[in-house]
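Participant: 3D, please:
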Amino acid sequence: MPAGAGQGDCKVRGLLAFLLMVPMLALASGAELHLDKAPDRANDMGALQNGAKVFVNYCLNCHGASYMRYNRLKDLGLTDEQIKNNLMFTADKVGELMKISMQPDDAKAWFGVAPPDLTVIARARASESGSGADWLYTYLRSFYRDDARPSGWNNVVFENVGMPHVLWELQGEQVMGEDHRLKLAKPGKLTSEEYDALVADLVAYLKYMGEPISEFRKNLGVAVLIALAVLFVFSYALKREYWKDIH
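Facilitator: Numbering: from 1, shown residues only. Predicted coordinates:
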């Protein structure tokens, strides 16, 4: 073997190791984003109802929820009449899906990309960030004015986002300071605390919409584990009684 062959192999292996590390370094740098903890309002019917109202009034114009039916809102304590009178603007029957009339081609022409369906957005973001609710809660509170963007808005969590800040009248207008922190330049209709509470309600509804039976599933799981524990006690007592004469 030539004298320089071993050194050449080491260099090649070193280069390959470096190339393999590049994606890992990129992932590590992307993981530095801080997400605020979303309040847990999964069992707060009032919050979920308010979140549904916010979703219908501010999100359902562009984003559909085409795997969710209006009648599922009855699980939140609403009646058919309340749903029809307050939450149904794009459908005639309570059993219809929460679709929008805007066509994908038109949406792509207006926004550059068709707005995604939001039925399972909380679950989809959970696969990327570990907590979809935390991602959405931080995202909806992190818009700021950016004249370089076509919509006039940008977002700390989703850089160069195509979506404008549809809740800006409620939150107000934030700007990015020289210290790279968001500052409220123009107050909105709500205080910061009130806006955070509204976003928390909306996020709770988005999370509910992704799996409406989530709480039932968790409660059923607890009940099944308790039943199995009780069954184990009786099974063990039966086993001891059956084998006592043998042992």
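
Participant: centre of the chain versus stretch 109-117, how much separation?
Facilitator: 19 Å (C-alpha atoms, centre = their mean, to the nearest Å).

Participant: Model confidence score at Asp9, please.
Facilitator: On the pLDDT scale, Asp9 is placed at 51.

Participant: typed the wrong thing, it's Phe111
Facilitator: Looking at Phe111, the pLDDT reads 71.

Participant: Hmm, Gly162 and it touching each other?
Facilitator: Yes - using C-beta atoms under 8 Å, Phe111 makes contact with Gly162 at a distance of 5.2 Å. (Glycine included, C-beta is placed from N, CA and C.)

Participant: Check the gap between Ala107 and Pro115 for me.
Facilitator: Between Ala107 and Pro115 the computed distance is 6 Å (C-beta to C-beta, to the nearest Å).

Participant: Tell me which stretches of the protein form helices.
Facilitator: 5-30, 45-54, 80-86, 104-111, 121-129, 132-139, 168-171, 192-210, 214-243 (DSSP state H).

Participant: ok, and what's touching stretch 100-120?
Facilitator: Applying C-beta atoms under 8 Å, 6 or more residues apart in numbering, the external contacts of stretch 100-120 come out as 55, 59-68, 90, 98, 150, 162-163, 206, 209-210.

Participant: now the end-to-end length of it.
Facilitator: 16 Å (C-alpha to C-alpha, to the nearest Å).

Participant: which residues does the residue nearest in space to the middle of the chain contact?
Facilitator: Centroid check for the chain by C-alpha atoms, centre = their mean gives Ala122 as the closest residue, at 2.6 Å. With contacts defined as C-beta under 8 Å, 6+ apart, Ala122 is in contact with 132-133, 136, 203, 206-207, 209-210.

Participant: Kindly report the same for Ser192.
Facilitator: Per C-beta under 8 Å, 6+ apart, neighbours of Ser192: Leu184.
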